[in-house]
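# Any chance you could fold what I've pasted below:
(chains A and B)
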Number of protein chains: 2
Amino acid sequence: MPSNNGPIKLGIVGVGKIVRDQHLPALAKDGDYRLVAAASRHGKVDGIPNFHDIEAMLDAVPELEAVSLCMPPQFRYDAARTALMAKKHVFLEKPPGATVSEVEDLKTLAAANGVSLFASWHSRYAPAVEAARAFLASASIKSAAINWKEDVRRWHPNQEWIWAPGGFGVFDPGINALSIVTHILPAMFITSAVLDFPENRAAPVAAHVTFRTSNGLPVTMELDWLQTGPQSWDILAETDRGNMVLSGGGSKLAIDGKIVHEEPEGEYPMLYRRFAEIVRAGVSDVDLAPLQHVADAFMLGKRNVVEAFFD
Amino acid sequence: MPSNNGPIKLGIVGVGKIVRDQHLPALAKDGDYRLVAAASRHGKVDGIPNFHDIEAMLDAVPELEAVSLCMPPQFRYDAARTALMAKKHVFLEKPPGATVSEVEDLKTLAAANGVSLFASWHSRYAPAVEAARAFLASASIKSAAINWKEDVRRWHPNQEWIWAPGGFGVFDPGINALSIVTHILPAMFITSAVLDFPENRAAPVAAHVTFRTSNGLPVTMELDWLQTGPQSWDILAETDRGNMVLSGGGSKLAIDGKIVHEEPEGEYPMLYRRFAEIVRAGVSDVDLAPLQHVADAFMLGKRNVVEAFFD
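The predicted model follows:
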């Protein structure tokens, strides 16, 4: 159990690109945490003890109070189970697991062991998301569209796991969009989907999805992983109070072309703030709606086979 | 609202094979219901008014209290929404929808309209299922296996919808097995899956799935739709009290080769008894665990392309 004062003693597991780009810089500036150990098959964090796996880390560093699990989703459940059974709080990178059911199981385990589980959705903490949510709550929505188009070679170079079964493919960025829309729009569900699978890959490189909200509004989602040049991470809504564009992955909000909110992103610092908050409150925060939509898209979706993809 | 006495005035929607084989014979013997209308694009029920669609039926027959929705899952949501908004109780054939999220939405709608929603899982009402559940609750389970192997040409001749996106393929029978195991085994989740798609079809003809229960036990599931000769609908468990075989789709239970429970099936009469019970109690009964596993299998599963399938 963490003390209610003093930093949370944290271990980090799965030291790859996202840890170096986001977790370590956020933790370096956060007085709520002390990073005391890391475990990874390949990566290392300078200046702290490093271990090959989470079991070795937990054995060697009993003062650990919490762990951040950043390995690919296909390998997350076992580590999370080990940590929860050892009564450590668990921060799950997104997506929180390879299946919805396994994360439901982790929720049960966290409750049974009296520790907190956090299914983190970093894009929900993008700076203009709350302003977009407030705007949409005040307006009558007519339709919405998600356009999430990026260059996989730039953002996920040679990440083989992302193309493996359970690696999500273009839904790895797409789930960021879903984590925002499930926070700012009414409840919704998929009515049709087409997924484009490269002939040499087990995960889709593009997806064309239509949703309907519970009150009957149409929402479309276009995911594309072969977008070179300008990248698009946009959510658009037509409303009676004007056309909303939430762009830059949630960092900038414009209504009828006029920017009403823009600030530099601080997603990971916000995620760690939220994690400390739930640890101290003794609760979990696990919203599976974004992952559920991905599972539904795979179940309902028509598959197209498209040109092979090579990094 | 139905009266608490007297039969429930029921309409049936989507008059196909399952309605003729199961619903009509069950309803004919059940004093709890009076079948007053049917709606279907193709089929008809003799002796009652027939309509082209649910809207026409609801308009013409205002005394309707409940509807059974038996069309393919891809078309179930719209009809269910229409019925719930008209304050009719809704019986959903299995699978209850094309996505998990849409059925969640229907649950919300049913509650908001003060009517009952029933996600029916007929195999859960197979005669030996409760005996198997009691046996497993009294034993220490070591492992379990599902073998569900049938001849699609015999059971689903020329049913094109079942091969379409959202039609589930071999998971249409497989979800029956899942509806039993999610009732008799501890909570579980998929750890790996391989789905075999015929090169000319949008749904799998076979699946090889491994699960783990929340307490770490291995469960395997083999689904095959090309089994000629004897058909297998078996659930096996190795336990400290002997080897259990629940066969015949839940109709026969044997422990160490000795039959301990066998009786003729009466699944649909039991389903309608349950539906009347929840309508009169003013509650819903919607367990989505079987559908969740199917969605997870599609999301996590590796796809193999196999020989084309022709009816």
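# The stretch 101-250 of chain A: helices as residue ranges?
Using DSSP state H, counting those that start in this stretch, the helices found in the stretch 101-250 of chain A span residues A:129-138, A:152-155, A:171-184.
# most neighbours per residue, which of those?
helix A:171-184 (a mean of 24; mean count of other C-beta atoms under 10 Å in any protein chain shown). From N, CA and C alone the C-beta is placed, and that goes for glycine too.
# and that helix, anywhere near chain B?
No - Helix A:171-184 lies out of reach of chain B by C-beta under 8 Å from any C-beta of the partner chain, never closer than 8.6 Å.
# residue with max distance from the center of chain A?
Residue farthest from the centre of chain A, counting by C-alpha atoms, centre = their mean, is A:Asp240 at 30.8 Å.
# what sits against the residue lying closest to that residue once chain neighbours are set aside?
Take A:Asp240 and drop its neighbours on the chain: the residue closest to it by C-beta to C-beta, 6 or more residues apart in numbering or on different chains is A:Ser140, 4.3 Å away. Neighbour list for A:Ser140: A:239-241 [criterion: C-beta atoms under 8 Å, 6 or more residues apart in numbering or on different chains].
# With A:Glu63 as the reference, name the closest of the helices of the stretch 101-250 of chain A.
Smallest distance to A:Glu63 across the helices of the stretch 101-250 of chain A (C-beta to C-beta): 32.6 Å, for helix A:171-184.
# And the contacts of that closest one?
Residues from elsewhere that reach helix A:171-184, judged by C-beta under 8 Å, 6+ apart: A:94-95, A:121-124, A:126, A:129, A:132-133, A:136, A:144, A:146, A:148, A:150, A:155-156, A:162, A:168, A:188, A:203-204, A:207, A:219, A:221, A:223, A:225, A:233, A:235, A:246, A:249-250, A:287, A:289-291, A:293-294, A:297.
# Sort out for me which of those are in strands.
If you go by DSSP state E, the contacts of helix A:171-184 have A:144, A:146, A:148, A:188, A:207, A:219, A:221, A:223, A:233, A:235, A:246 in strands.
# who in the stretch 51-200 of chain A is up against chain B?
Residues of the stretch 51-200 of chain A found near chain B (C-beta under 8 Å from any C-beta) are A:74, A:77, A:98-102, A:104-105, A:108-109, A:165-166, A:168, A:187-193, A:197.
# re earlier: just the buried subset of the contacts of helix A:171-184, please.
Among the contacts of helix A:171-184, those buried by neighbour count (16 or more other C-beta atoms under 10 Å in any protein chain shown) are A:94-95, A:121-124, A:126, A:129, A:132-133, A:136, A:144, A:146, A:148, A:150, A:156, A:162, A:168, A:188, A:203-204, A:207, A:219, A:221, A:223, A:225, A:233, A:235, A:246, A:249-250, A:289-291, A:293-294, A:297.
# So for the residue nearest to A:Asp240, what's the pLDDT?
On pLDDT, A:Ser140 comes in at 97.
# Of the contacts of A:Ser140, which is the nearest to A:Lys87?
Comparing these against A:Lys87 with C-beta to C-beta places A:Thr239 closest, at 46.9 Å.
# Give me the distance between the closest one and A:Ala132.
11 Å (C-beta to C-beta, to the nearest Å).
# repeat for A:Gln74
A:Gln74 is 32 Å from A:Ala132, where distance means C-beta to C-beta.
# Next: A:Pro96.
23 Å.
# Then A:Lys44?
Counting by C-beta to C-beta, the gap from A:Lys44 to A:Ala132 is 39 Å.
# next one: A:Ala119
Applying C-beta to C-beta, one obtains 21 Å for the distance of A:Ala119 from A:Ala132.
# try A:Thr228
When A:Thr228 is compared with A:Ala132 (using C-beta to C-beta), they lie 27 Å apart.
# Return the closest of the contacts of A:Ser140 with respect to A:Ala56.
Looking across those and measuring by C-beta to C-beta, the closest to A:Ala56 is A:Thr239, at 53.4 Å.
# neighbours of A:Val306, just the number please.
A:Val306 has 16 neighbours, counted by other C-beta atoms under 10 Å in any protein chain shown.
# A:Ser192 against A:Thr210, yeah?
Yes - with contact defined as C-beta atoms under 8 Å, A:Ser192 reaches A:Thr210; the gap is 5.0 Å.
# Those two - which one has more neighbours?
Taking other C-beta under 10 Å, A:Ser192 and A:Thr210 do not tie; A:Ser192 has more neighbours (17 against 13).
# give the contact list for A:Asn215.
Contacts for A:Asn215 (C-beta under 8 Å, 6+ apart) come out as A:Pro186.
# just A:Ala144 next, same as before
By C-beta under 8 Å, 6+ apart, the contact list for A:Ala144 reads A:181, A:185, A:217-220, A:235-238.
# Can you list the low-confidence ranges for chain A?
Residues of chain A meeting the criterion pLDDT under 70: A:1-5.
# any idea how far the most centrally placed residue in it is from chain B?
What sits nearest the mean C-alpha location of chain A, by C-alpha atoms, centre = their mean, is A:Lys94, with 3.2 Å. Separation of A:Lys94 from chain B (C-beta to the nearest C-beta, to the nearest Å) stands at 15 Å.
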